[in-house]
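Q: Please work out how this folds:
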Amino acid sequence: MPLYNYRARDAQGQLIDDTLSYETELGLREFLRGRNLFVIDIRESRKGRNTRAVRASDLIVTVRQLRTMLNAGMPLVQGMDALAQQTMDPNLQEVLKQISRSVRHGASLGDAFGDHPGVFPPLLIALIRSGEMGGRLPDTLQEAARQLEQQLEVRQKLLNALAYPVFTLVATLVTVLFMLIFVVPVFKQIYKDLKAPLPAVTQLLVDIANLLLSYGWLMAIGCLALGIWCARYSRTPAGRRRFDRWKLRIPLLGVLFLKSASANLTGSLAGLLESGLPLSKALIAAGDVCGNTAVGDVVKEAAARVMTGRTLSDALSETDTLPLLVVKMIAVGEQVGTLPHVLREVNSSFVMDVDYTMKRLLGLIEPIMVLFVAMIVGFVLVALYYPIFNLGNAFLGGG
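A: Next up is the predicted model:
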């Protein structure tokens, strides 16, 4: 819902300047009149529209603190005010203040969180709404924190798996560029003074160095522009879908991305079902937070089929995106009536599998990267020093 800044006076004539989310400006005016407030001015606020997502660690701490406060018997509005005072993130602090105002004016906590979809993941919003409807909000907050922690752990494992090859590749490229720009021209002058014909491998290296020295700035601008375009395109729905599908097809790493998304999906779906959310709504929410839109689209399509009366395993069997283990175990869970429990088991299996796959991939990537670096460095060294090994012939030719 949009956010409005309003100024009004109460029955005693005291000026009130506050912010509140409401469906329409007209509805907000009627709501304020019903509270015996004389409206002076209402303007739509741009705060909250462009709020960026907060760090997962800050969000987890906030959710756990809110659960602790509610278990201790603290009123919800006071708890939200206390959270806003404690957080160090200015963006999250402002959002929590807006949520506190909305709750104070009669909105449910789930709707107040739902007003900020760019800040809070759909999983958290769905669990809060389910907890409010079932009267077990502290339990669903604990489940939300657990799911967010698990997703953060899986994401960190993926980053750790990618850190070594990316660092090695970048370090190698920087080293080679330094040699091409600063070292090769020195050797080039030596070769030129000797007036000796250069071997093909050395001439190739010199030509690459000349290209970088002449058009390197154009290449840098082009690479920067391409990077900015890719970053912006990946933030669009179509771009993110395309990149996520491409990620699943990357050799070696594609399997890791798929298992990570499967772990997030099964864990989130289990928590949502245990909180009492209907299967179709739980599938949509879990698809939004699985971490891969290609997998999420498959799950949402399955949700549409489930709403027509089909079983979840039958709906998922029409796609080959998800691992077969997920579909088979869901079928077992539906048959015995323990789907959330089975999803928990599958989730635990995938979390361990992500860790094992990451270690196995690192074992494969390390020698590949070493060989790759050795080939590049070896090519440069051979190209530079091969003519020096034939300096005698060069001097004879020069004479």
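
Q: This structure - how does it break down into domains?
A: 3-45, 56-148, 150-399 (automatic domain parsing).

Q: In a markdown table, list those along with mean pLDDT.
A: Listed next are these as a markdown table, based on pLDDT from 0 to 100:
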| stretch | mean pLDDT |
| --- | --- |
| domain 3-45 | 73 |
| domain 56-148 | 86 |
| domain 150-399 | 83 |
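
Q: winner for burial among the ones you listed?
A: Each of those was given a mean neighbour count from mean count of other C-beta atoms under 10 Å, and the largest, a mean of 19, is that of domain 56-148. All C-beta spots, glycine's among them, are computed from the backbone N, C-alpha and C.

Q: How about E25, nearest residue that isn't a chain neighbour?
A: With C-beta to C-beta, 6 or more residues apart in numbering as the measure, I42 is the residue that lies nearest to E25, at 5.6 Å, once sequence neighbours are left out.

Q: Now the phi/psi pair for that neighbour, please.
A: Dihedral angles phi and psi of I42 (degrees, to the nearest 10) take the values phi -130, psi 130.

Q: next one: A303
A: Comment: the main-chain dihedrals of A303 come out as phi -60, psi -40, following degrees, to the nearest 10.

Q: Would you agree it is in contact with S280?
A: Yes - A303 sits in contact with S280 when judged by C-beta atoms under 8 Å, with a separation of 4.8 Å.

Q: so who does the spatially most central residue of the chain touch?
A: Nearest to the geometric centre of the chain sits G291, at 6.4 Å (C-alpha atoms, centre = their mean). Taking C-beta atoms under 8 Å, 6 or more residues apart in numbering as the criterion, G291 is in contact with 151, 154-155, 260-261, 264.

Q: With secondary structure as extra columns, can I get those residues in JSON lines?
A: Compiled in JSON lines, the contacts of G291 are given as follows (DSSP: H, G, I helix; E, B strand; the rest coil):
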{"residue": "Q151", "secondary structure": "helix"}
{"residue": "V154", "secondary structure": "helix"}
{"residue": "R155", "secondary structure": "helix"}
{"residue": "S260", "secondary structure": "helix"}
{"residue": "A261", "secondary structure": "helix"}
{"residue": "N264", "secondary structure": "helix"}
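
Q: Which parts of the chain are strands?
A: Assigned by DSSP state E, the chain shows strands spanning 3-9, 15-21, 38-45.

Q: Now G239. Nearest residue, chain neighbours left out?
A: On the basis of C-beta to C-beta, 6+ apart, the spatially nearest residue to G239 that is not a chain neighbour turns out to be Y233, at 3.7 Å.

Q: gap between that neighbour and P138?
A: The span separating Y233 from P138 equals 42 Å under the rule C-beta to C-beta, to the nearest Å.

Q: Next: G27.
A: Using C-beta to C-beta, one obtains 31 Å as the distance from G27 to P138.

Q: same thing with D314?
A: Between D314 and P138 the distance is 36 Å, computed by C-beta to C-beta.

Q: Contacts only, for D244.
A: Taking C-beta under 8 Å, 6+ apart, one finds 292-295 in contact with D244.

Q: Quick check: the farthest pair among these?
A: Within those, T293 and V295 form the most distant pair, 7.4 Å apart (C-beta to C-beta).

Q: So what touches stretch 61-79?
A: Here stretch 61-79 makes contact (C-beta under 8 Å, 6+ apart) with 80, 82-83, 86-87, 92, 96, 100, 103-104, 109, 124, 137-138, 141-142, 144-145, 148.

Q: how far is it from where the chain is centred?
A: 27 Å (C-alpha atoms, centre = their mean, to the nearest Å).

Q: Could you do stretch 198-206 as well?
A: Using C-alpha atoms, centre = their mean, the distance from the centre of stretch 198-206 to the centre of the chain it belongs to is 45 Å.

Q: again, but for stretch 59-79
A: That offset, for stretch 59-79, works out to 26 Å (C-alpha atoms, centre = their mean).

Q: how about T202, what does it touch?
A: T202 touches 191, 383-384, 386-387, counting by C-beta under 8 Å, 6+ apart.

Q: try it again with 10 Å
A: Residues in contact with T202 (C-beta atoms under 10 Å, 6 or more residues apart in numbering) are 184, 187-188, 191, 382-388.

Q: closest to L252 among those residues?
A: Distance to L252, by C-beta to C-beta, is smallest for V382 among the contacts of T202, at 29.3 Å.

Q: residues contacting the closest one?
A: 199, 201-202, 205, 389.

Q: How about R235?
A: Going by C-beta under 10 Å, 6+ apart, the list of residues near R235 reads F243.

Q: circling back to that earlier point, any chance of JSON lines for the strands of the chain, columns distance to S130?
A: Listed next are these as JSON lines, based on distance: least, C-beta to C-beta, whole Å:
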{"stretch": "strand 3-9", "distance to S130": "25"}
{"stretch": "strand 15-21", "distance to S130": "21"}
{"stretch": "strand 38-45", "distance to S130": "29"}
